[in-house]
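Q: everything below, folded, please.
(2 chains)
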Amino acid sequence: MPADPSGVLTGQHYLDGNHAACEGALAAGCRFASGYPITPSTEIVERMASRFPLMGGMFIQMEDEIAASITLQGAVWGGKKAITVTSGPGFSLMMEHIGLAAMTETPCVFMNVQRGGPSTGLPTLPAQSDMMQARWGSHGDYRLIALSPDSPQECFDLAVEAFNLSEQWRVPVMMMMDECVGHMTERVVIPPADQIHVVERRWTKKKPGDYQMYEVGPDLVPDMVKAGDGHHIYVTGLTHNEKGYPAMNVAAQDKLVRRLSDKITKNADKICRFDEDQIEGAEVVVVSYGITSRVARRGVEMARAKGVKVGMLRLIVVWPFPEKRIAEIAPKVKGFVVPELNLGQMVQEVERAANGQTRTVLVGHAGGEVHDPEVIAEAIIKAAKVSNARNA
Amino acid sequence: MSAIAENPVNPYLRMDRMPSIWCPGCGIGTSVNCFARALTQAKLDLKKTSIVSGIGCTGRVSGYLNLDSFHTTHGRAIPFATGLKLANPELNVIVYSGEGDLVAIGGNHLIHAARRNIDMLVICVNNFTYGMTGGQVSPTSPGGATFTTAPFGQFEEPFSLPYLVDSCGATYVARWTTFHVRQLTKSIREAMGKTGFRFIEVISPCPTLYQRRNKLGDGLDAMKFYKEKSVLKNGADTRELRIDFQSEITVGTFVDRQRPHWLQAMNTRFKEVFGDKYTPHPEGPVAVAKAGKGAEEAAN
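A: Prediction:
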């Protein structure tokens, strides 16, 4: 359905990524935000605090990120689309509630504007070092969806997409930004409301008594209700049956946890999104995401200028990881080059998906600034010189 | 079959989940009975009433009540309930949890929700110990009593819950024991009819762990003790409500006042700033005229 025009700031703007991400959330229909200040993410909730009052939204600054990350889930069960926004240290505090959202299938969006870590690290400088935390940070087995925008425009576009995916698949969606993208100012075009596709909540059509909270159809995703609809729902973080009642036994655990995983893995082809450039005939393929993909593009151009056939694959949806596509490309290339602002996170996924069919080279960076494109170009050129990938 | 009268609270419970997990002599079930009776009498729209719990023995309460039930994470019932209430102010939101959940791990949320005056009723069952994990020391554990994690006696100062929430701005503060079933029922009903951050402490026995470990007998002995040692002092100064090991327990309603709750304060502020451009959010549940099913039986 089209977006609610009250949240859509149609027009051409000169915005930084944080402000654009806020506008994307509003366009997607987000009307509740709970936050806690943390650099370099705070502009997003600051803008919400000033934009919400005149569009029927509500912002509350909570006492900490633990609170912020569950207050939004209360708001979702109250019927709103809701968001919280943070950076590394706050993201760490939110982990238990990412698990709660996964377990209770609460559609909601977490934005993480990544900064250098571990611990307090580099509060004002970029990194991409929470990528594995986004995937694995909460305890137990679960799957979720994560996105990585590379520009203010994409911060807007993917914020809309983050809400849509969360509603469609009933999972917490992580919008994995970084300080550079968050604070970079560029042209952002916000389309008219009727040209923005918004996914509504999967409201059940069943009446109280007929509705089972976690009964699913072929896509493995249950329909939803909200508090006050008369269903007398039971939402628990305990292992539960279709009715939502606690069921603490091996069979119920297997059924539930397997479905939570399957609904993402079995639908991964529908969820995965990436950009490709000159993959066909490439000797080397650069796999990158977020701000690093823009730096990598310069490195790719430098290598092409020296005659190397190099392709690019830019992850837009980071989790689930497009392992099928990587596996298809792997036997055709001499190597993958993976630059990222960490000491090796998504590169492990590339290597796993390549499954020994080619070399995978990390161009790591501890964070605090973006890569020097020359370093990426050198890695590409070096990878292209390897004659036999598997024996290198 | 018609000769057997159904307990008037049954429609308010998820009977398909009985029996409960609670031990014989535990006070949590007694408090739930009082709560359900208060529901039969209160003028609440039960379709629009949600109950939120954290983790622990009392954390299971939400799952036995036939309302919209939310069993959240440890300590975080209040921030979840905050989001639920603000997203839909027409809901009656009740938080029901234990003192370990609400005051230890959730203590930060408790004081801030009271300060903000979020419109919710919090029922805190205080049994002085962590029951579900096996009898560890809690933030209200009285000095001298022993626990699995204070085997030589508790030596920290306990929180006095009415004093804590009063000082943070709660609009209604009461304390009862599970001996005071009529008073507790009346107090819950009264609090359901008020607005703002309302807090009722329910002193409750844990026969399996606190009573047994401290050689205090069983649940019945606890009732006898509460009967003998409770002193009714409505309006008492909350600074004088500390509970020491087997000391007197002051019960009553200590605070009953009005101040704008969060949604009212927000609406007032934004109306001042934005004037007619601002559309106020609803500030509370729509009143219902008649009491819920079972009201007459319960009142008799």
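
Q: burial measure for the closest residue to chain A within the stretch 101-250 of chain B, as a count.
A: Relative to chain A, the nearest point of the stretch 101-250 of chain B is residue B:112 (4.3 Å; Cβ to the nearest Cβ). Any C-beta I mention is one placed from the backbone N, CA and C, and that applies to glycine too. Residues lying near residue B:112 (other Cβ atoms under 10 Å in any protein chain shown) number 18.

Q: again with the one 4 residues further on
A: Counted by other Cβ under 10 Å, the residues lying close to residue B:116 total 20.

Q: give me phi/psi at it?
A: According to degrees, to the nearest 10, the main-chain angles of residue B:116 amount to phi -70, psi -20.

Q: is it correct that it is in contact with residue B:263?
A: No - using Cβ atoms under 8 Å, residue B:116 is not in contact with residue B:263, being 10.0 Å away.

Q: one step back: was I right to think the residue of the stretch 101-250 of chain B closest to chain A contacts residue A:63?
A: Yes - counting by Cβ under 8 Å, residue A:63 is a contact partner of residue B:112 at 4.3 Å.

Q: which ones are touching residue 234?
A: As the question left the chain open, I've gone with chain A. A:213, A:240, A:243, A:244, A:245, B:14, B:62, B:63, B:69, B:71 (Cβ atoms under 8 Å, 6 or more residues apart in numbering or on different chains).

Q: look at chain B instead
A: Listed by Cβ under 8 Å, 6+ apart, the contact set of residue B:234 reads B:252, B:253, B:254.

Q: ok, now residue A:164?
A: Residues in contact with residue A:164 (Cβ under 8 Å, 6+ apart) are A:28, A:197, A:198, A:199.

Q: and for residue A:157?
A: Taking Cβ under 8 Å, 6+ apart as the contact definition, residue A:157 lies against A:24, A:149.

Q: list the buried ones in the host helix or strand of it?
A: Following DSSP states H and E, the helix or strand that holds residue A:157 is helix A:152-169. Using 16 or more other Cβ atoms under 10 Å in any protein chain shown as the test for burial, helix A:152-169 gives A:152-169.

Q: and if you look at stretch B:148-159?
A: Taking 16+ other Cβ under 10 Å as the criterion, stretch B:148-159 shows B:150, B:154, B:158, B:159 as buried.

Q: find the nearest non-adjacent residue to residue B:14, please.
A: Among residues not flanking residue B:14 along the chain, residue B:66 sits closest, at 5.1 Å (Cβ to Cβ, 6 or more residues apart in numbering or on different chains).

Q: do residue B:144 as well
A: Closest residue to residue B:144 apart from its sequence neighbours, by Cβ to Cβ, 6+ apart: residue B:245 at 4.5 Å.

Q: any idea how many residues pack against the one you found?
A: When neighbours are counted by other Cβ under 10 Å, residue B:245 registers 16.

Q: of the contacts of residue A:234, buried ones?
A: Applying 16+ other Cβ under 10 Å to these flags A:213, A:240, A:244, A:245, B:14, B:62, B:63, B:69, B:71 as buried.

Q: contacts only, for the fourth one.
A: It stands for residue A:245. By Cβ under 8 Å, 6+ apart, the residues touching residue A:245 are A:234, A:236, B:17, B:63.

Q: flag the shaky bits of the stretch 201-300 of chain B, pLDDT-wise.
A: For the stretch 201-300 of chain B, the stretches with pLDDT under 70 are B:287-300.

Q: flag every residue of it that's near chain A.
A: With Cβ under 8 Å from any Cβ of the partner chain as the criterion, the stretch 201-300 of chain B comes near chain A at residues B:262, B:266, B:270, B:273, B:274, B:277, B:278, B:279, B:281.

Q: surely the third one touches residue B:276?
A: Spelled out, it's residue B:270. No - judged on Cβ under 8 Å, residue B:270 makes no contact with residue B:276 at a distance of 11.3 Å.

Q: which of those two has more neighbours?
A: Using other Cβ under 10 Å as the criterion, residue B:270 and residue B:276 rank with residue B:270 on top: 18 against 6.

Q: before we move on, the earlier item: which of the buried ones among the contacts of residue A:234 sit farthest apart?
A: A:213 and B:62 (14.4 Å; Cβ to Cβ).

Q: against residue B:137, how distant is the closest residue to residue A:317 other than its chain neighbours?
A: The shortest distance from residue A:317 to any non-neighbouring residue, by Cβ to Cβ, 6+ apart, is to residue A:273 (4.3 Å). Separation of residue A:273 from residue B:137 (Cβ to Cβ, to the nearest Å): 51 Å.

Q: between these two, who's got more neighbours?
A: It is residue B:137, of residue A:273 and residue B:137, that has more neighbours when counted by other Cβ under 10 Å, with 23 against 15.

Q: so what's the more buried one up against?
A: By Cβ under 8 Å, 6+ apart, the residues touching residue B:137 are B:129, B:130, B:147, B:149, B:150, B:154, B:156.

Q: report the two of those residues separated the most.
A: Maximum distance among the contacts of residue B:137 (Cβ to Cβ): 14.5 Å, for B:130 and B:156.

Q: now the strands: where do they sit in the stretch 51-200 of chain B?
A: Counting by DSSP state E, counting those that start in this stretch, the segments of the stretch 51-200 of chain B that form strands are B:68-71, B:92-98, B:120-126, B:129-130, B:136-137, B:172-177, B:197-203.

Q: scratch that, the stretch 51-200 of chain A is what I was asking about
A: Under the criterion DSSP E, counting those that start in this stretch, strands of the stretch 51-200 of chain A are mapped to A:58-61, A:81-86, A:108-116, A:122-126, A:145-147, A:172-178, A:185-190.
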